[in-house]
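# Okay, sequence plus prediction incoming.
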Number of protein chains: 2
Amino acid sequence: MFKRYLPIFNWLPHYHKRLLGADLLAGLIVTVMVIPQSLAYALLAGLPAVVGLYASILPQLLYTFLGTSRTLAVGPVAIIALMTGAALSSVATPGSAEYLQAALVLSLLSGAILVAMGAMKMGFFSNFLSHPVISGFLTASGILIAVSQLGSLLGVSSSGFTLVERLMTLLPNLPTFNPYTLAIGGGTLLFLVLMRRYGKQSLRKLGIPAALADLITKAGPVLAVVVTTLAAWYWQLAYHQGVAVVGTIPSGLPALSFPWGDASLWRALLIPAMLISLVGFVESVSMGQMLAAKRRQRISPNQELIGLGAANLAAGFTSGMPVTGGLSRTVINYDAGAQTPAAGAFAALGIALVTMAFTGWLYYLPIATLAATITVSILTLVDIPMLRQTWRYSRSDFAAMAVTILLTLVEGIEAGIIGGVTLSIALFLYRTSRPHSALVGRVPDTEHFRNVERHDVETVTNAALLRIDESLYFANARYLEDTVYNLVASRPELEHVVLICSAVNLIDASALESLDAINARLKDSDVKLHLSEVKGPVMDQLKKSDFLEALTGRVFLSTYAAWREFS
Amino acid sequence: MFKRYLPIFNWLPHYHKRLLGADLLAGLIVTVMVIPQSLAYALLAGLPAVVGLYASILPQLLYTFLGTSRTLAVGPVAIIALMTGAALSSVATPGSAEYLQAALVLSLLSGAILVAMGAMKMGFFSNFLSHPVISGFLTASGILIAVSQLGSLLGVSSSGFTLVERLMTLLPNLPTFNPYTLAIGGGTLLFLVLMRRYGKQSLRKLGIPAALADLITKAGPVLAVVVTTLAAWYWQLAYHQGVAVVGTIPSGLPALSFPWGDASLWRALLIPAMLISLVGFVESVSMGQMLAAKRRQRISPNQELIGLGAANLAAGFTSGMPVTGGLSRTVINYDAGAQTPAAGAFAALGIALVTMAFTGWLYYLPIATLAATITVSILTLVDIPMLRQTWRYSRSDFAAMAVTILLTLVEGIEAGIIGGVTLSIALFLYRTSRPHSALVGRVPDTEHFRNVERHDVETVTNAALLRIDESLYFANARYLEDTVYNLVASRPELEHVVLICSAVNLIDASALESLDAINARLKDSDVKLHLSEVKGPVMDQLKKSDFLEALTGRVFLSTYAAWREFS
């Protein structure tokens, strides 16, 4: 009981010194590495930079107690920040007090939704986001975020949450770009790309050991932050050349916040909060599962909902923003050797310490540096080969992906996800609404039956054996009727129709009515309807209706039994 | 080509005298019988009574040319009138010029939607309305309409389009009921109910021949109209006792209308128009199919969309209201012996004649009489036994039905349909998201394999044969992963896992990724993944991906082949 609802008791009692060392080191590395991205994602959402730090403290601590992944790191992440910004700017003006308050309401709402879904064991809901929709959404969001950072890289202003809005506000301002900002932003970008691609092998060639080379490569963003901050301080670029810097960050822990707001605000943010919860959960849980699998551990999706929900509630009460298990911060944590959630707790304490005492060090950090680090990490989301692969494999999956990308870019994030999910469900229903069916005949001298059009099989003239390759439900019930009626109309000599149900896993009430109608109609034409190979659960359900009594024919256990009867 | 797009050429060239007699008689009967209900449904939608006549002329004529059903009668129907009223009163005040104009816009919109769906061959869309949702919706609408007529039966006013609104406006006015109106309304109601239940047998007992007795029974509403109109005229009930009557109906054919309106009106009516189109199409096509089947004819759902679409466009341009193939008017037409769509054309001409010359005869027709005829005909929609039957057969189908009924009554018609459809799709996806799967073993001395938990079968220790009873797609892809991982975790001695795909009709891109992940994960644990009994179309699609090359095991044609390999 205890262990189930407070997963911390699964590992804390077995904690020992060797783990402590590894976790402390990982916590230290994570603290240093995630501070720049936490600031950047807060800015991406249109919020003050410090909000990103606040959202990395208590949320992560609560997840340590309640989450089931050993290595997941919780805090602001790029996609959720983008979605947050889009949601908030539809209800308030960026920079206003209402905007800040709305961010807290959004956190509370998505926390409450996640906890409620966890309590109702509705983790399966995330399955409705198909792979093509997720990957299309990530690709489009990556492009949107990269474009949104262009302005910061160039030192010009832009706004909006669709591609068109962004470009329309960015392009007219392009001529006013700030060459110093561009030098810092462009330089950082180039450095990070080169570091990512060639850093490790170049350092190894210089004779540096593999582990250290790896660490230095990963610390690339931190190096860039340190160097550009020092440069901005030394030459006072903010004053003399107008380079935008992070500026004053209030020091001290966040005050407790109780963002009640009015009912209309909560209502307006409900749908965005649902989408943020769902996307955040999917991002978090798929990464948690991947990493757990690598170490042969398991996570519980429903308990993850509770953990992430608590983290978002915490963010709402401590001046934060919506959070989830982040891709890049989790990978940093995992690679830094985190063994238990304690590493996350140490990182949270580290960030709390920085927030209390060292925010002054971040004053001269150029915004362009942050934009460059976001851009580099976000471009890994853009997965063009996946587009080609999906096109080759399945046109309808590709359609769902393409629609998700286009809608996200053109209409915005909400439209993209809702459109993609709706289309992928509609396409699945459409595919199953015209099920494959085949007239089968007996493979000579066996008890096997195969499609008469593909194989050389024996048939009988007065009976048709029709195999239905799909569960029977409302979307294909009428199609089934048409199929049988066409069959009977085309073969007037028929006296028996056998529906082979080996691939029928479900018969719902609509399909039952259609079967009733088929049975009655065939009866009028003196054709008997039989079933064969009905699965156990389906048979159990049919017995609850009057269909079996009304059935003019029989239910055969095997198709071969039906064959013997009619041949 | 001609015959396909103008179905009238399928029957008109073969037309002859014997058919003409039958069709003329049917046309005459329909004219007399549908005038009262056409007036009543216009009033139900909050429109002037004459609109119901206008909507019965040109729409029916166009359907004669373009429709594929031989006996369908097109015009205003109860459900669509209720939906029209609900849609219109959300954008205009009943009685205003805007309200009238909105009715025309709604007709044009739903006409355009139907034609577009027909052109794109999207008739299958109606399959998404499952039987439980339709039957729940009809039951709830029947109740709503009956309650809406209570006011007219009692001579008190009421308004609104949910049960609560209706009752809240009706109850306070109850004490002001008009005893004369109640006498007419209640008397007609009683007469019609008795006529329906005992009319035919009583008349036969009086020695009247069966055919005539049947006709008289069916003409019950016409008798009631004639008698109560004469009474209202003779005693001048409208003036002396305040009984509401139809009053002045402008005579003459409708003028052409071009209801352009502004864009915001069209936008506001778009969703209602879509629902009206869909519900109208389902009502029309299911009746058309039922009657066509009785006479071994066929209808084409996509051409029906065109026919009904044209009828609605005609209604929009001739001061009408949304129309569809109506249950009661079609049954009248069919029972009156209509042989071809010419009968419908004759009825349209008959109604045109009445509209031009005889509307004065309808002046004294009491509204309460119309309310009684609506109530009696609508109560046949309320199908309580179906509720019990569905509950017994399937809880999830019952849930969809119950939600549709409750939402329709409490929140209104749109919420009812959308909620019901959404829930039935979600429940279907949920059911298929946790597919049944079974470990199977060999039935001794055969090539058959059965569930190890239900049968006494042979197994091998180093290989698991897992049968998946569902298509693999995004909603169950992760569940499949869990199932396989749990299996492998619980049996460390496993070296081979065979997925038996005999019931897998589809593997989408999400499921393919899951199979890839399973393959890779099992490889890490030195377990080989095999497939067996993969269907032809599924195999063709897998070949378009890299999965088969990466697969650590083999694809066996039969499970028996896999068994021989491992035992």
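Received the coordinates, thanks.
# in the stretch 251-400 of chain A, what residue is nearest chain B?
Residue nearest to chain B within the stretch 251-400 of chain A: A:Asp397 (3.8 Å; C-beta to the nearest C-beta). C-beta here means a position set from N, CA and C on the backbone, and glycine is covered the same way.
# Skipping adjacent residues, who's closest to that residue in space?
B:Ala509 (3.8 Å; C-beta to C-beta, 6 or more residues apart in numbering or on different chains).
# Tell me how many other residues surround the residue of the stretch 251-400 of chain A closest to chain B.
Here the number of neighbours of A:Asp397 (other C-beta atoms under 10 Å in any protein chain shown) works out to 26.
# if I pick it, what's in contact with it?
A:Asp397 is in contact with A:Ser130, A:His131, A:Pro132, A:Thr390, A:Ser424, B:Asp508, B:Ala509, B:Ser510, counting by C-beta atoms under 8 Å, 6 or more residues apart in numbering or on different chains.
# So for A:Ala40, what's the nearest residue that isn't a sequence neighbour?
Distance criterion C-beta to C-beta, 6+ apart; nearest residue to A:Ala40, sequence neighbours excluded, is A:Leu370 at 3.9 Å.
# so that neighbour is in which element?
With elements taken from DSSP states H and E, the one containing A:Leu370 is helix A:367-378.
# chain center to that helix: distance?
Here the centre of mass of C-alpha atoms in helix A:367-378, compared against the chain's by C-alpha atoms, centre = their mean, to the nearest Å, lies 22 Å away.
# Please name the residues that touch A:Ala255.
By C-beta under 8 Å, 6+ apart, A:Ala255 lies in contact with A:Ser319.
# what about A:Tyr198, how many residues close to it?
12.
# do the same with A:Ala49
Around A:Ala49 sit 23 other residues, with neighbours defined as other C-beta under 10 Å.
# Present the contacts of A:Asp397 as CSV; the columns should include distance to A:Val443 and pLDDT.
Rendered in CSV, the data for the contacts of A:Asp397 read as follows (distance: C-beta to C-beta, whole Å; pLDDT from 0 to 100):
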residue, distance to A:Val443, pLDDT
A:Ser130, 38, 85
A:His131, 38, 85
A:Pro132, 38, 88
A:Thr390, 37, 90
A:Ser424, 38, 90
B:Asp508, 31, 91
B:Ala509, 34, 90
B:Ser510, 35, 89
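# nearest to B:Arg196, of those residues?
Comparing the contacts of A:Asp397 against B:Arg196 with C-beta to C-beta places A:Ser424 closest, at 48.8 Å.
# Please list all residues in contact with that closest one.
A:Ser130, A:Pro132, A:Val133, A:Asp397, A:Ala400, B:Phe474.
# Could you do A:Gly187 as well?
Contacts of A:Gly187 were listed using C-beta under 8 Å, 6+ apart, and they are A:Thr228.
# and whichever strand or helix holds it, C-alpha only, in PDB?
In this assignment (DSSP H and E), A:Gly187 forms part of helix A:179-194. Presented in PDB, the C-alpha positions along helix A:179-194 are these (Å, rounded to 0.1, in the frame of the first residue of the first chain):
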ATOM      1  CA  PRO A 179      25.400  42.700 -35.100                       C
ATOM      2  CA  TYR A 180      26.700  42.100 -31.500                       C
ATOM      3  CA  THR A 181      23.700  40.000 -30.600                       C
ATOM      4  CA  LEU A 182      24.100  38.100 -33.900                       C
ATOM      5  CA  ALA A 183      27.800  37.500 -33.200                       C
ATOM      6  CA  ILE A 184      27.000  36.100 -29.800                       C
ATOM      7  CA  GLY A 185      24.000  34.100 -30.900                       C
ATOM      8  CA  GLY A 186      25.500  32.900 -34.200                       C
ATOM      9  CA  GLY A 187      28.800  32.200 -32.600                       C
ATOM     10  CA  THR A 188      27.200  30.100 -29.800                       C
ATOM     11  CA  LEU A 189      25.100  28.300 -32.400                       C
ATOM     12  CA  LEU A 190      28.100  27.400 -34.500                       C
ATOM     13  CA  PHE A 191      30.100  26.300 -31.500                       C
ATOM     14  CA  LEU A 192      27.300  24.100 -30.200                       C
ATOM     15  CA  VAL A 193      26.700  22.400 -33.500                       C
ATOM     16  CA  LEU A 194      30.400  21.800 -34.100                       C
END
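# Give me the buried positions along the helix or strand just after that helix.
Per DSSP H and E, helix A:179-194 leads on to helix A:200-205 as the next helix or strand towards the C-terminus. By neighbour count on 16 or more other C-beta atoms under 10 Å in any protein chain shown, the buried set for helix A:200-205 is A:Lys200, A:Leu203.
# Which helix or strand in chain A has the lowest average pLDDT?
Within chain A, no helix or strand scores below helix A:2-5, which has a mean of 69 by mean pLDDT, DSSP states H and E.
# still on that earlier bit, so what touches the helix holding A:Leu370?
A:36-37, A:39-41, A:43-44, A:78, A:141-142, A:145-146, A:149, A:152-153, A:155, A:181-182, A:184-186, A:188-189, A:192-193, A:196, A:221, A:224-225, A:228-229, A:243-246, A:328.
# Repeat the analysis, applying 7 Å as the threshold.
Residues lying outside helix A:367-378 but in contact with it, judged by C-beta atoms under 7 Å, 6 or more residues apart in numbering or on different chains, are A:36-37, A:39-40, A:43-44, A:78, A:142, A:145-146, A:149, A:152-153, A:155, A:181, A:184-185, A:188-189, A:192-193, A:196, A:221, A:224-225, A:228, A:244-246, A:328.
# With stretch A:323-338 instead?
Around stretch A:323-338, the neighbours that count as contacts under C-beta under 7 Å, 6+ apart are A:22-23, A:25-26, A:29-30, A:33-34, A:37, A:55, A:59, A:71-77, A:80, A:218, A:280, A:283-284, A:287-288, A:291, A:308, A:311-312, A:315, A:343-344, A:377.
# list the buried ones in it?
Residues A:323-334, A:336, A:338 are the ones in stretch A:323-338 that count as buried (16+ other C-beta under 10 Å).
# and the end-to-end length of it?
Between the start and the finish of stretch A:323-338 there is a gap of 20 Å, counting by C-alpha to C-alpha, to the nearest Å.
# Could you pull out the strands in the stretch 51-200 of chain A for me?
With DSSP state E, counting those that start in this stretch, the ranges of strands along the stretch 51-200 of chain A come out as A:74-75.
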